[in-house]
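>>> Take this sequence and fold it.
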Amino acid sequence: MHSKDCVKVAVRVRPFNKRERDAGSRCIVSMVSNSITIQDPRDSQNRRLFCFDYAYWSHSGFVRDRRGLFVPEEPGGRYADQDSVFQDLGEGILENALQGYNATLLAYGQTGSGKSYSMVGYGPNKGLVPKLCERLFEDIRENQETRQCQVVDLLSRASRTPGGLRVREEQQRGFYVESLRTVPCESASQVAQLMEQGTRTRTTAATHMNANSSRSHMLIILQLKQIFSKESITKQSNINLVDLAGSERQRSSGSEADRLKEGTAINLSLTTLGNVISSLADAAVGRKVVHIPYRDSVLTKLLQSALGGNSRTVMIATLSPADICYEESLSTLRYAERAKRIQNRAVVNESPTERLVKELKAENARLLQRLSRLGQEGRRANDETKELRQLLTHNELQIRAIQTLWEQHLQEALKDWEQQYANITQERRMMQMHPYILNINEDAQLSGVVKLFIQEGEWDIGLCDSSPRSISIKGLGIQDRHAVFRNEQRRVTLTPLAGSKVIVNGSVVHQTTELQHLDRLILGSNCTYLFIGYPSERGGDDWSRYDYDYFQSELAAAEGIHLGESNAGSSQTDPSLLAVFYDYVKLMPMMAEANQMSQELNKGVEFKLEIKNLALSDSKGHDLQKEIVVRVTAVGKKQVWIWSKAKFVNRKFLMEEVYQQHQAEKSTDNRVEGLSTAALPRDKDPFWDPVEPLLLGTAHLWLQSLAFRIPLEEQLEVLGSEGTEEAILQAQLVPCTSTGLPLGEDDILIDPSELLGRRLDFQLVLEQCCGLSWVREVRNRGVQIGFRLFDCQPLYTPAVWHNVNPLLDHRVHFASLQTSQRLLDYLQSSAVVLELWGLQEGCTDLISSLEGVRMTTEGVFVIEEAGPADTAPVDSAELSCSVRALQQDLEELKSVNASLRKENHSLKEQLNTARNGGESVRGRSVRPSCDAEFARSLKVFYHSMTSVRGQLQRLRRHRPSEDSDLLGLRLFVDEQSRLLRDFSEQLEQSVSTLKQDVAAIVRRKRERSGIWS
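Numbering: from 1, shown residues only. Okay, the predicted model is just below:
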């Protein structure tokens, strides 16, 4: 009988990890009963509410007891421990399986969100899988009926065929994996051993295939067979335990569109799974669904019964509550919300095997009686006798097969157990005798699985395993003979061979190096191992801190990236820098692998990580958001691309597909039909992109002088993204008339507010760019300067090519027809950011966008037209009131103007009288106005402050070398003190000169007012 029920969905929120704590993350997820609310960290008003069958708060409110178990701080607290999760989910799955239903548990979430902890657990905190196995065998021991359990090991120890095992389909069985080995088990410990064996094989496969654990799915199938002798019925059910790949792989490459498809079949399988879930959810609410795309990936084929088929299914979605994981967590919640609408139709799987055996035996007895009668009748029944004997033999074979199948499987399994036990015993004995290297994987569940022992004597390590004294490893960048271990007199040394890459404790080594206990080794691109010394050296060290992140952080530190820890006594590191640091650490192994694949495929492309906007700021001087980008260089043609993190990750997956195809071609020596890696067209090559202009750096030209109508001429340093000097740019700001003539000193303003409501004209002049390192590297390159002022669209200078010191001679006239307070504030607080763009052969020039820009017939860019006059219309009553008020103001102004005219006339008469007196000679001498003198003083001050600002920039960039010793640091401190002294002297001199000039102007003004009075 079919039962119709929905997929049950549980969501579990984990604690912050070290990366999130260091980054100062805040919790954006809240939980009430079975409802979860997630808040957008960029908009506190944007909240999303989700409801599920189960919701587990495992983020806070827990302690570790003496047994090492994480339990609630207080009895009845909200913290959900492993037992709570199992009682709700594991017990239900086990009960369904015992009733004869197929049962499935899916774990979904981004990498590091707690999937493995919920499924497998860690230490004494056992997860769903081991707890379920223990309870299953407890029930088997307690029950009087016969129950048989089988584990399907998807990663068999036998040699794998190229391309893996094939998925077949039968009408009765549905989709299944061909040649998959089933192993009978009699206890939970045997299941655990098989899982350990599968983990070991999975670790090796991940290394051989150059794949991270987060990019592989794990499917464990427990087959439970129950024989009820009284009813002569057999119930057989499958328990599917599925740990899906990291859900961030299912996301697209972000807002940036890549010309190539999403990478790898793993990404395709997760995307297809999402499509299947969406289609099933639509069908559940009555929408018309034409096709459920089960056949589009291997994963969805194997999960067909779990999703919309003959299974009772539970999904546990795990997520991080940190603000830096908002996008991934929101995606997980949306995924889970769709899944809970799927409806399955589960049925009890019954098979009357015992009844069949009895019927076959009864039929055999009848056949024997007929045979005896026919034998008495003579030869006439020879033909019929032969037919009956064949039928009897067939029935006996069927009976024998049914009765002995389980015993045969068990005998075969016992041999495997004995061999495995012998191997484990041998390994433990070797661990107590010899040093060894231990594998370290990105997935903690796969770390420490592979142990390679270094016995006395000399041992080659590499791809080659033909020698009896060789240690075979596989991976990107591993040579046939990669390095040599020597174990002599209880000292172990490592010698890299020619052409091989070996890193010890973060530093590349080329000579023989003696290894110490807990040294970190990286062989090739990213084969990471921890060296474990002789037992006498081990002591009680904590090895767990040497995880995958530790290896990569050590590499980053060797490259000068020291953002993981704050200096003693300093404040906490900027969280944005920490987020960038962890992105850098995460991408380092991927970059190393991409470089190795490029080398082996002869692509001639190099990849390098860079921190975008590390030393750059916006027009207000605020730091820009920092992010990791990848600089891609085609070594032969000297072409350069800058890829975002998301684009590089996608391309890296596509590179792996090309590389694996190349390896398959090498192993078979037969070129597959279609496109080989050598003949891959450019538009499908993940190592190539069309060339585009690159942003090389920026310079800031501050606009404050324009508020006083003072001209400004500067030599600006164009700084690259990481603070390197890319060029020197000569630029001017020239206040001018509407016809473009420069203003004189008498036009300088003392108070910028005098510009309000008046026209302001000025010219931006870009004269020359000197010392272009971009063109110095490759002569067939060019540059353009881009800038954006106020509300204008970006403008660009004409392209100049093949010149290290190009003459730009570019002049742009801007005008504000009626200067507003907004524009005045912009001039006094902002800079125009001058962007240096690099051009390469084959790329198109950048074109100024003039859409929505008003220009006069003389080519003047109008940045502001009218002020408050262009406001929203008002009604007639308000307009008439405003007119009357303006008329009153006009009458008052007229009367004030008349009185001022009279006063002005009397002052002129007094002035003429004074000029005709004894002081007439001195009075007639031409004296410049005080305003003009003050304007000249301001101009001198602004020019002096330009050099002061340059000195300040040099101080900011002045840093000690990473490899400086004590003497070098002392020299750096002396140089820093000298620069600070020079900066202080320049600043004091500039301010002192301004004070003296202002005092002299005031003194002269007082003298003149005494003379004229």
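
>>> Alpha carbons of stretch 579-598, in CSV - could you do that?
Output of stretch 579-598 as CSV, limited to C-alpha atoms (Å, rounded to 0.1, in the frame of the first residue of the first chain):
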residue,chain,number,x,y,z
ALA,A,579,38.2,38.1,5.4
VAL,A,580,40.6,38.9,2.6
PHE,A,581,43.4,37.0,4.3
TYR,A,582,41.3,33.8,4.6
ASP,A,583,40.2,34.1,1.0
TYR,A,584,43.9,34.4,0.1
VAL,A,585,44.7,31.3,2.1
LYS,A,586,41.8,29.4,0.5
LEU,A,587,42.9,30.2,-3.0
MET,A,588,46.6,29.6,-2.6
PRO,A,589,46.4,25.8,-3.2
MET,A,590,44.0,26.3,-6.1
MET,A,591,46.4,28.7,-7.7
ALA,A,592,49.4,26.3,-7.2
GLU,A,593,47.3,23.5,-8.9
ALA,A,594,46.3,25.8,-11.8
ASN,A,595,49.9,26.8,-12.4
GLN,A,596,50.9,23.1,-12.4
MET,A,597,48.2,22.1,-14.8
SER,A,598,49.2,25.0,-17.1
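
>>> Quick one: mean pLDDT for that stretch?
Per-residue pLDDT over stretch 579-598 has a mean of 87.

>>> what's the answer for stretch 341-360, then?
65.

>>> switch to numbering from 39
With 39 as the first residue, the last one maps to stretch 379-398.

>>> Any chance you could list what contacts stretch 540-557?
Contacts to stretch 540-557, defined as C-beta atoms under 8 Å, 6 or more residues apart in numbering, come from residues 473, 520-521, 529-534, 539, 558-561, 568-572, 575-576, 579, 581, 584, 592-593, 595-596. The C-beta positions use only the backbone N, C-alpha and C, and glycine is treated the same way.

>>> Distance of the nearest residue to Asp361 once chain neighbours are set aside relative to Tyr364?
What sits nearest to Asp361 in space, not counting adjacent residues and going by C-beta to C-beta, 6 or more residues apart in numbering, is Pro79, at 3.8 Å. Pro79 is 6 Å from Tyr364, where distance means C-beta to C-beta, to the nearest Å.

>>> Same question for Asp334.
Following C-beta to C-beta, the distance that separates Asp334 from Tyr364 is 30 Å.

>>> Tell me where the model's unsure across the stretch 139-288 of the chain.
179-222, 224-226, 228, 231-232, 234-254, 265-271, 283-288 (pLDDT under 70).

>>> before we move on, the earlier item: quickly list what's touching both of Pro79 and Tyr364.
Common contacts of Pro79 and Tyr364, defined by C-beta under 8 Å, 6+ apart, comprise Ile66.

>>> More neighbours: which of those two?
With neighbours defined as other C-beta atoms under 10 Å, Pro79 and Tyr364 compare such that Tyr364 has more, 18 against 15.

>>> could you say what helices and strands the helix or strand where the more buried one lies packs with?
Secondary structure assigned from DSSP states H and E places Tyr364 in helix 364-377. In terms of contact count using 3 or more C-beta pairs under 8 Å, 6 or more residues apart in numbering; DSSP states H and E, helix 364-377 is assigned the packing partners strand 46-51, strand 73-78, strand 81-89, strand 141-146, helix 303-322, strand 350-357.

>>> Check the offset of it from the chain's centre.
Remark: helix 364-377 is offset 17 Å from the chain centroid, using C-alpha atoms, centre = their mean, to the nearest Å.

>>> Could you list the buried residues of stretch 516-532?
Residues of stretch 516-532 classed as buried under the neighbour-count rule (16 or more other C-beta atoms under 10 Å) are 516-517, 519-525, 530, 532.

>>> meant to ask about stretch 93-111, not that
If you call a residue buried by 16+ other C-beta under 10 Å, then stretch 93-111 has these buried ones: 93-97, 100, 107-109.

>>> picking up where we left off before, mind checking which of the contacts of stretch 540-557 are in helices?
Judged by DSSP state H, helices contain the following of the contacts of stretch 540-557: 575-576, 592-593, 595-596.

>>> And the residues you listed, which of them are buried?
When neighbours are counted using 16+ other C-beta under 10 Å, the ones in helices among the contacts of stretch 540-557 contain these buried positions: 592-593, 595.

>>> least confident pick among these?
The minimum pLDDT among those falls on Ala595, with 84.
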